[in-house]
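Asker: Dropping a prediction and its sequence here:
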Amino acid sequence: MKSQKKEERQKYIWKRIAIAVTAVFALLLIVGVMKAFYIKSSLIKPTQVQMDYATKIAAGRLQSSGANTSTFQIHVGERMHKVHDKFNDNKMDNKKSARTIIQVSFYNNSVSHTYLIDVNSGEIILHTETDLYGALASYKTYNHRNSDDSFHPRMEYPGFFG
C-alpha cells in the first residue's frame, strides 16, 4: 500500500515537472517570436546620397594622407548603424545627438583602409589601416555578399575549410 502511494506521488510530481517545463518552453517560444517581429534592428539601409557623401569624406582623408585613391577598390557598407547618445537625459537633444554610422573601405593587394563615418556630421569616427603580407596579400579578395546582415566586408583566408 505504501509503495503504491509512493508511486502515485512520484507520478504526480513528474506530471507537475513536465507541465512546468512545457510552460517555460512555451514562454520562451512566445518571447522569441515577439522579439523577431516587434524589435527592429538598428541597421538601416543608406541612401545613395549618404553613400556618396561618406565615400567623398573618406576619399578626401585618404588623399590627404598621401595615398592615390585611384589605386584602391572601394566598398561602402550596405547597412548603417544608428546610435543614440545614451548618456544624454534631455529627450529634446537626443535627436540631435543621434549618429548614423556607415563604413567605407578602400583596399588593394597590399593595404586596406577602413573608415567609420558619421553621415549626419561628416565626422570620421575611426580609421584603420591594415598592411597585408605574404600569402595573404596574394590571396586577398573581399567577398561582398548581398545579404542584408553583412555590415563588414569579409576577407577570405587561404587554406581554411577547403
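Answerer: Structure received.
Asker: and His127, that one's in a helix?
Answerer: No. Counting by DSSP: H, G, I helix; E, B strand; the rest coil, one finds His127 to be strand, located in no helix.
Asker: Tell me the predicted confidence for it.
Answerer: On the pLDDT scale, His127 is placed at 89.
Asker: May I have the beta-bridge partners of it?
Answerer: Tyr115 (DSSP bridges).
Asker: Pull the contacting residues for Val119.
Answerer: Residues in contact with Val119, defined by C-beta atoms under 8 Å, 6 or more residues apart in numbering, are Pro46, Gln50, Tyr53, Ala54, Met80, Thr100, Ile101, Ile102. Every residue, glycine included, has its C-beta placed from N, CA and C.
Asker: Spell out the residue ranges of the helices in the protein.
Answerer: Under the criterion DSSP state H, helices of the chain are mapped to 2-38, 48-64, 91-94, 134-138.
Asker: rewinding a little: pull out the buried residues from the contacts of Val119.
Answerer: Buried subset of those (neighbour count, 16 or more other C-beta atoms under 10 Å): Pro46, Gln50, Tyr53, Ala54, Met80, Thr100, Ile101, Ile102.
Asker: from those, which two are the most distant?
Answerer: Tyr53 and Ile101 (12.8 Å; C-beta to C-beta).
Asker: tally of neighbours for the nearest residue to Lys45 once chain neighbours are set aside?
Answerer: Using C-beta to C-beta, 6 or more residues apart in numbering and skipping residues adjacent in sequence, the residue nearest Lys45 is Arg79, 6.4 Å away. The number of residues packed around Arg79, counting by other C-beta atoms under 10 Å, is 18.
Asker: pretty sure Arg79 is touching Pro46, no?
Answerer: Yes. Arg79 is in contact with Pro46 according to C-beta atoms under 8 Å; the separation is 7.4 Å.
Asker: and Asn109, which of the helices of the chain is closest to it?
Answerer: Relative to Asn109, the nearest member of the helices of the chain by C-beta to C-beta is helix 134-138, separated by 5.5 Å.
Asker: So what's the model's average confidence on the closest one?
Answerer: Mean per-residue pLDDT for helix 134-138: 53.
Asker: can you check stretch 101-111 too?
Answerer: In the prediction, stretch 101-111 has an average pLDDT of 89.
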